[in-house]
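Participant: Just the structure for this:
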Amino acid sequence: MRGRECESHSRLTHAMTVPASRRAPLQARSNQTVEEILDAASALLGRVPFEQITTSRIAGQAGISVGALYRFYSDRQEIFDAIAVRELDAFRAEIEPAFTARQLIFSPRKSLGRVLDAYVSFLESRPHFRELALGKHISEWTRESQSDPQTGPGGLLGDLLVKKCGWKPGKRLQLRIRIAAEAGDRVIAFAYRQESAEARHAVLKELKEMLTGYLLP
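Facilitator: Numbering: from 1, shown residues only. Next comes the predicted model:
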C-alpha cells in the first residue's frame, strides 16, 4: 500500500511541476486511457465468462500494457466498480429531467413506477451493466455509495420522498432507500430468470406494487 501511495504522490508532484500548457494534453490522454479501459472491460462482459475477465485480458482488449492499466486501477474489481458508477451516472442524467418535471410532482406513485421502468429499459440497453448489477459483481462499498440519498441515484428517490412526500431527510430515509435498492435488485434479477417476457413483466409489476407500498404508503 505504501508503495502505491508513494507512486501516486510522485505522479502528483510531477504533474504539479509540469507547465500548465503540457498538463492539459497529459490529462486528456489519461482520461482517454481510462475510457478505453472501461470500454474494453464492458465489451468483454457478457461475451466472455466472468471469471475469465482478467486485468491482462482487459489490457489486451484495450490495446495497452498491463503496466499501463495498473497506473489507473489496482485490480479488476476497481474497473467493474468504475463501469458501474459511470453507467449509474448516465442513468441519473437520463432520467432526472423527466423525474423532476412539474407534471410528475403530484403523482409520486407514477413517478416511482416510471423510474423503475426507465431503469429496466436502461438494463436492457446495456447488457454489460446488467451482468454487473444483477450478477452481484459490484463491490459493497460502491453499491452503498450509489444507494446514498445524498450522492448516488438513490438521490432520485430521496428527492421524491423529501420534496414531494414530506419525508424528513436522515438515517431512516437512507435506510429505507438502501432496503428498497437491495430488494429491487434482487427482484429484478429474479425477473430476468423467468422463461418468458410475459413472466418477467408480471414480476416487475409486482415489484412496483411492493416498492410503492413500502416507500409511499
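Participant: which phi and psi does Gly170 have?
Facilitator: The phi/psi pair for Gly170 (degrees, to the nearest 10) reads phi 150, psi -170.
Participant: pLDDT score for Thr17?
Facilitator: Note on Thr17: pLDDT of 44.
Participant: just Ser121 next, same as before
Facilitator: 91.
Participant: Point out where this protein drops to low pLDDT.
Facilitator: 1-26, 28, 98-108, 146-157, 159-160, 163-165 (pLDDT under 70).
Participant: try it again with 90
Facilitator: 1-31, 46-47, 88-119, 133-185, 211-217 (pLDDT under 90).
Participant: Kindly report the domain assignment for it.
Facilitator: 2-74, 77-215 (automatic domain parsing).
Participant: Can you check the distance spanned by the last one, start to finish?
Facilitator: End-to-end distance for domain 77-215, by CA to CA, to the nearest Å: 32 Å.
Participant: counting contacts, what elements does the helix or strand containing Ala180 pack onto?
Facilitator: Applying DSSP states H and E as the criterion places Ala180 in helix 171-192. Counting contacts by 3 or more CB pairs under 8 Å, 6 or more residues apart in numbering; DSSP states H and E, helix 171-192 is packed against helix 108-125, helix 127-134, helix 154-159, helix 197-215. Backbone N, C-alpha and C define where each C-beta goes, glycine included.
Participant: Give me the buried stretch members for it, please.
Facilitator: Leu173, Gln174, Arg176, Ile177, Arg178, Ala180, Ala181, Gly184, Asp185, Val187, Ile188, Ala191 (16 or more other CB atoms under 10 Å).
Participant: quick one, it and helix 127-134 angle?
Facilitator: Calculated by axes from the mean of the first three to the mean of the last three CA atoms, to 10 degrees, helix 171-192 forms an angle of 120 degrees with helix 127-134.
Participant: contacts for helix 171-192?
Facilitator: With contacts defined as CB atoms under 8 Å, 6 or more residues apart in numbering, helix 171-192 is touched by 116, 119-120, 123, 130, 133-134, 143-144, 147-149, 154, 157-158, 161-162, 167, 200, 203-204, 206-207, 210-211, 214-215.
Participant: so how far is that helix from its chain's centroid?
Facilitator: 14 Å (CA atoms, centre = their mean, to the nearest Å).
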